[in-house]
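Peer 1: Compute the structure for the input listed below.
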Amino acid sequence: MGPKVNHAAMGLTREGSYTDRVIAQVTSWSSVSAGRAECGMGVGLSVNTRQIVHLHSQGGAHVRLTRPVILRMEDALLHSGRVEMEPSEDWVSVRLDSDSDVALLLSLVSVAIKATAAEPPGVARRAAPQCPAAAHGRTWGGSLGRASRRADR
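Peer 2: Okay, the predicted model is just below:
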């Protein structure tokens with residue numbers, strides 16, 4: 001027998017990568033489509049014409065929740081220990097290392113869809129802020145360091 005391979009550590013499951021599972025699930029929802037991420041790194045998931053998720057090759061995902069939603073959900077996001085937030089950004093990051101990370105990301109995508117639909121028309125026409133990969137030239141921060149609450153106030 002050959003050496004044991006830790007598929008979970010590689011982001012792989014019997015059904016494919018965690019990223020593939022997210023893409024398959026979310027694109028089955030009405031009004032969601034997949035294409036190239038606007039940041040140029042990975043797959044972007046869009047509602048109508050607005051990208052709300054970027055899935056990157058190293059198992060990281062960025063979700064555009066909008067600043068008001070992030071502030072409303074801040075305590076839960078911080079206490080999850082699985083979400084990275086950066087001050088004054090509309091995006092949060094989730095590392096896809098387990099089935100529970102996939103479930104968390106799917107929940108956040110649902111919130112992102114609702115947040116995007118709720119934006120006033122003037123906001124929806126304005127260009128959305130870039131995901132952290134584009135803003136900082138990286139596909140994943142890695143350490144899951146969370147921003148302090150004081151950092152954005």
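Peer 1: Gln58 should be in a strand, yeah?
Peer 2: No - under DSSP: H, G, I helix; E, B strand; the rest coil, Gln58 falls outside any strand and is assigned coil.
Peer 1: now it: how far from Asp101?
Peer 2: From Gln58 across to Asp101, the span is 13 Å (C-beta to C-beta, to the nearest Å). For glycine as for every other residue, the C-beta is placed from the backbone atoms N, C-alpha and C.
Peer 1: In terms of neighbours, single out the busier of these two.
Peer 2: Asp101 (19 against 14; other C-beta atoms under 10 Å).
Peer 1: how would you label that one: helix, strand or coil?
Peer 2: Following three-state DSSP, the label given to Asp101 is helix.
Peer 1: Do I have it right that it meets Thr19?
Peer 2: No - using C-beta atoms under 8 Å, Asp101 is not in contact with Thr19; the gap is 10.6 Å.
Peer 1: which SS state does Val92 fall under?
Peer 2: strand.
Peer 1: Can you read off the pLDDT for it?
Peer 2: If you check Val92, the pLDDT there is 94.
Peer 1: Same check on the one 3 residues further on?
Peer 2: The score at Arg95 is 93. That number is its pLDDT.
Peer 1: Would you check that it makes contact with His62?
Peer 2: No - assessed by C-beta under 8 Å, Arg95 is found out of contact with His62, at 10.9 Å.
Peer 1: The two: which is more packed in?
Peer 2: Taking neighbours as other C-beta under 10 Å, Arg95 and His62 compare with His62 leading, 31 against 22.
Peer 1: In contact with that one, which residues?
Peer 2: Applying C-beta atoms under 8 Å, 6 or more residues apart in numbering to His62 gives the contacts Val53, His54, His56, Trp91, Val92, Ser93, Cys131, Pro132, Ala133.
Peer 1: and of the residues you listed, the nearest to His79?
Peer 2: Checking the contacts of His62 against His79 by C-beta to C-beta gives Val92 as the nearest, at 13.4 Å.
Peer 1: Beta-bridge partners for the closest one, please?
Peer 2: Going by DSSP bridges, Val92 is paired in beta bridges with Val63, Met85.
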